[in-house]
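> Give me a 3D structure for the following:
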Amino acid sequence: MNLHHLVRPVSALTNFFILRSLRRPWRELCRCVLIAALIGSFEVISQAASYSFTQIADSTGGFSDFGTAPSINASGIAAFLGTLSAGGTGIYTGSGGPLTTIALSSEPTFSSFGSGGTPINAAGKVAFLGNLDAGSNGIFIGDGVTTTTIVLGGVAPFVLFPLQIPLSINAADKVAFEANLNTGVQGVFAGSGGGSPTSLYLNSDPTFSGFGAVVSINTSGTVAFGAGLDAGDTGVFAGDGGATTSIAVSGGTFDNLINSQLSINAAGTVAFVTSFSGVGQGVGQGVFTGSGGATTTIVTNKSPFATFSSPSINTAGKVAFLANLNTGAKGIFTGPDLVADKIIRNGDALFGSVVNGLRFGNSAFNDAGQTAFYYQLTDGRRGIAVATPPVLRILSITRLSGETLHLEVSGVANLTYSIYATTNLNQSFTSIGTQTAATDGTFRFDDTNAPSFTQRFYRVTLP
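Model prediction:
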């Protein structure tokens with residue numbers, strides 16, 4: 001028997017894999033689906049394994065340009081700073097439909113905004129630096145309805161914040177940042193409004209002599225940062241104000257780590273970009289991850305890669321980053337393979353033109369594998385877009401010895417999926433196991449209980 005079937009995805013995150021006959025009525029199909037799976041062959045008709053791209057905003061729709069790399073939250077909502085064609089700037093969020101305005105320079109309160117980033121949390125609240133009409137500046141969070149002051153610059157004990165100050169926000173609305181005090185002390189701080197931010201680490205205290213500008217905070221309030229040590233070395237560290245975890249320290253493999261670009265996930269794993277020159281390592285630059293033990297190399301600048309920036313790590317430990325290639329092109333990748341790990345690069349077709357410029361930030365990669373990025377096109381357009389990985393799809397279903405059913409599925413690399421089954425689509429699905437996708441996004445599952453049923457339907461979801 002040769003039963004043709006279609007894979008019909010419900011969404012990119014939750015998919016029912018329903019086998020539908022192209023020739024047989026539904027009642028007969030329900031009787032023969034599993035039989036066909038056990039004794040026949042399957043032809044899978046499904047979507048191509050390529051990213052889809054959603055335009056969030058571009059320079060033909062009221063904007064002349066966009067000031068920083070955008071960010072993205074778990075729901076796929078991107079946040080960005082836009083320069084308006086009519087004059088002024090604004091901070092916006094969107095996911096492909098109408099935009100939400102977070103703050104405008106043309107309205108009272110703000111005269112302009114900083115260029116250090118607009119990180120967004122799960123609730124849709126955006127952290128940003130705002131220059132005030134009154135002359136000072138500050139760090140704020142807003143959701144389009146209310147704006148909360150985290151801290152004011154130029155008001156004791158803080159000096160004015162630099163326009164390029166990088167910010168990071170977590171689900172509890174806590175914003176982390178590096179700043180200088182009017183006493184000359186430098187530190188890493190975190191706050192959520194309603195009081196002065198907490199000083200997590202200061203260079204006037206023992207251990208640290210100074211800090212890099214880039215910080216990243218996770219859901220539990222742990223902040224990753226680069227720092228110089230009183231002893232003379234530099235490193236990447238993580239902590240919430242108490243004892244720190246050393247992610248990487250210079251002197252062995254790594255060079256100066258104080259200014260590392262970095263990102264931390266919910267599990268406390270930090271992705272960072274730094275140079276290396278350790279014995280046996282050669283000399284170069286790379287993207288690495290670590291959580292306090294041995295570090296993991298994601299990619300180094302062996303051909304075709306030249307340099308890296310803006311690593312962004314999600315909960316599964318997958319890292320996306322911006323890379324400059326030896327050819328002079330730029331691209332956003334998730335690993336060392338120029339083809340298999342590519343999200344988008346210069347020369348790719350996009351929105352009816354060709355990409356010739358990209359920007360990417362360290363809070364622009366979510367758990368669904370979506371990335372937010374700034375693009376420039378050869379026709380002159382500029383904009384903000386979100387790349388979404390392929391939806392889940394069944395690649396094949398085959399019979400093994402003992403009539404075990406072997407499923408091969410394509411999803412998002414390194415994410416863990418749950419497999420469910422039922423004998424009747426009118427009844428609920430039951431969990432039968434989990435599998436983690438490999439680096440190429442595929443995973444395999446053997447249903448050893450399949451021979452006990454006359455028919456079975458499968459569903460695969462992200463937990």
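
> Next, name the residue at the spatial heart of the protein.
residue 365 (1.2 Å; C-alpha atoms, centre = their mean).

> Tell me which residues touch it, please.
Applying C-beta atoms under 8 Å, 6 or more residues apart in numbering, one finds that residue 365 lies in contact with 72, 312-314, 318-320, 371. C-beta: built from backbone N, CA, C; applies to glycine.

> Apply 7 Å and report the result again.
Taking C-beta atoms under 7 Å, 6 or more residues apart in numbering as the contact definition, residue 365 lies against 312, 314, 320, 371.

> What subset of the residues you listed is buried?
312, 314, 320, 371 (16 or more other C-beta atoms under 10 Å).

> And residue 134, which helix or strand is it part of?
In the assignment (DSSP states H and E), residue 134 maps to no helix and no strand.

> what about it, how many residues close to it?
Residues lying near residue 134 (other C-beta atoms under 10 Å) number 10.

> Can you give me the pLDDT of it?
pLDDT recorded at residue 134 is 90.

> Residue 361 too?
On the pLDDT scale, residue 361 is placed at 97.

> rewinding a little: from the buried ones among the contacts of residue 365, which single one is nearest residue 303?
Nearest to residue 303 out of the buried ones among the contacts of residue 365 is residue 320 (C-beta to C-beta; 20.7 Å).

> shouldn't that closest one be in contact with residue 332?
Yes. In this structure residue 320 lies within contact range of residue 332 using C-beta atoms under 7 Å: 6.2 Å.

> give the contact list for residue 251.
Shown in contact with residue 251 (C-beta under 7 Å, 6+ apart): residue 233.

> Can you list the residue ranges for helices in the protein?
With DSSP state H as the criterion, the chain has helices at 26-39.

> Return every residue with contacts to both of residue 320 and residue 332.
What both residue 320 and residue 332 touch, as defined by C-beta under 7 Å, 6+ apart, is the set 343, 371.

> Please name the nearest non-neighbouring residue to residue 259.
Spatial nearest neighbour of residue 259, excluding adjacent residues (C-beta to C-beta, 6 or more residues apart in numbering): residue 212 at 4.5 Å.

> Also residue 189?
The nearest residue in space to residue 189 (C-beta to C-beta, 6+ apart) is residue 197, at 4.3 Å.

> OK, contacts around the one you found?
For residue 197, the contact set (C-beta under 7 Å, 6+ apart) comprises 150-151, 189-191.

> Most neighbours among these, which one?
Ranked by neighbour count (other C-beta under 10 Å), the contacts of residue 197 have residue 150 at the top, with 26 neighbours.

> now it, nearest residue through space, not along the chain?
Setting aside the residues directly before and after it, residue 150 is nearest to residue 139 in space (C-beta to C-beta, 6+ apart), at 4.3 Å.

> Quick check: the residue nearest to residue 259 vs residue 199, distance?
Using C-beta to C-beta, to the nearest Å, residue 212 is found at 16 Å from residue 199.

> Neighbour count for the two, which is higher?
Neighbour count, other C-beta under 10 Å: between residue 212 and residue 199, residue 212 has more, with 21 against 18.

> correct me, but the more buried one touches residue 261?
No. Applying C-beta under 7 Å, one finds residue 212 not in contact with residue 261, separated by 8.7 Å.

> For the contacts of residue 365, work out which two are farthest apart.
314 and 371 (9.9 Å).

> Where does pLDDT dip in the chain?
Applying pLDDT under 70 to the chain picks out residues 1-49, 278-282, 391, 462-463.

> can you redo the contacts of residue 365 as TSV with distance to residue 283?
Formatted as TSV, these follow (distance: C-beta to C-beta, whole Å):
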residue	distance to residue 283
312	26
314	30
320	25
371	30
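
> Specify which member of these is nearest to residue 171.
Of the contacts of residue 365, the one sitting nearest to residue 171 (C-beta to C-beta) turns out to be residue 314, at 14.1 Å.

> wait, what's in contact with the residue lying closest to that closest one once chain neighbours are set aside?
Once flanking residues are discounted, residue 314 sits nearest to residue 367: 4.8 Å by C-beta to C-beta, 6+ apart. Neighbour list for residue 367: 74, 314-316 [criterion: C-beta under 7 Å, 6+ apart].

> give me the beta-bridge partners of residue 81?
On the basis of DSSP bridges, residue 81 is bridged to residue 91.

> ok, now how distant is it from residue 376?
According to C-beta to C-beta, residue 81 stands 16 Å off from residue 376.

> neighbour-wise, which of those two wins?
Set residue 81 next to residue 376 and count neighbours by other C-beta under 10 Å: residue 81 wins out with 28 against 21.

> pretty sure the more buried one is touching residue 91, no?
Yes. In this structure residue 81 lies within contact range of residue 91 using C-beta under 7 Å: 5.6 Å.
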